[in-house]
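Q: everything below, folded, please.
(one chain, ligands or ions: 1)
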Amino acid sequence: MTTSQSGYDITPLSSERVNALAADFTPEERQVILHQGTERPFCGVFLDNKKTGTYVCRLCGLPLFKSGTKFDSGTGWPSFFQPVDKAHVRDIEDVSHGMRRVENRCARCDAHLGHVFDDGPAPTHLRYCMNSASLGFVEDGQPISLKS
Ligand SMILES: [Zn+2]
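A: Numbers count the residues shown, from 1 in each chain. From the prediction side, this is the model:
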């Protein structure tokens with residue numbers, strides 16, 4: 001078992017488990033989460049979410065971002081300047097679409113989350129540009145439970 005500094009089991013899930021957890025996703029959700037798609041801007045359910053809590057991986061429940069690190073980037077996608085735990089969000093170089101970008105995936109289930117750019121606000125100056133489809137939300141006071 002691999003445990004992150006923040007105390008979560010980040011042992012990678014098998015592809016069989018990932019497929020089982022994704023079984024009830026819509027085609028659009030599968031395209032974003034499993035095939036590195038991007039949802040249309042200004043239509044995701046979490047863009048204007050102002051509640052206090054934790055954004056988790058839609059597929060496996062791993063905590064990814066705290067509401068306190070969310071900011072309005074004007075891009076039309078929910079944006080954060082810092083992950084809950086650096087070990088929860090994996091960076092992958094993405095050279096598709098003629099651009100050199102850094103893709104983010106869930107460290108545990110490999111779900112596509114979005115991309116990170118270096119034009120965010122202080123203190124990190126990072127902008128994690130996420131797809132709402134890739135996220136779940138757990139309000140403060142509710143338990144965070146990993147799916148396994
Ligand atoms: Zn995950």
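
Q: now the longest helix belonging to the chain: buried residues?
A: As assigned by DSSP state H, the longest helix anywhere in the chain is helix 27-35. Residues 29, 31-34 are the ones in helix 27-35 that count as buried (16 or more other C-beta atoms under 10 Å). Quick note: C-beta positions are derived from backbone N, CA and C, even for glycine.

Q: which helices and strands does that helix pack with?
A: strand 112-117 (3 or more C-beta pairs under 8 Å, 6 or more residues apart in numbering; DSSP states H and E).

Q: which outside residues touch the strand it packs on?
A: 32-38, 57, 64, 77, 89, 91, 94, 101-106, 126-131, 134-135 (C-beta atoms under 8 Å, 6 or more residues apart in numbering).

Q: and this protein, which residues reach the ion?
A: The interface of the chain toward the ion, taken as C-beta under 5 Å from the ion, is made up of 57, 59-60, 62, 106, 108-109, 111.

Q: so can I have JSON lines of the residues you listed showing pLDDT, neighbour count and secondary structure?
A: Shown next, in JSON lines, are the residues of the chain next to the ion (pLDDT from 0 to 100; neighbours: other C-beta atoms under 10 Å; DSSP: H, G, I helix; E, B strand; the rest coil):
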{"residue": "57", "pLDDT": "98", "neighbour count": "26", "secondary structure": "strand"}
{"residue": "59", "pLDDT": "98", "neighbour count": "26", "secondary structure": "coil"}
{"residue": "60", "pLDDT": "98", "neighbour count": "23", "secondary structure": "coil"}
{"residue": "62", "pLDDT": "98", "neighbour count": "27", "secondary structure": "coil"}
{"residue": "106", "pLDDT": "98", "neighbour count": "26", "secondary structure": "strand"}
{"residue": "108", "pLDDT": "98", "neighbour count": "26", "secondary structure": "coil"}
{"residue": "109", "pLDDT": "98", "neighbour count": "26", "secondary structure": "coil"}
{"residue": "111", "pLDDT": "98", "neighbour count": "27", "secondary structure": "coil"}
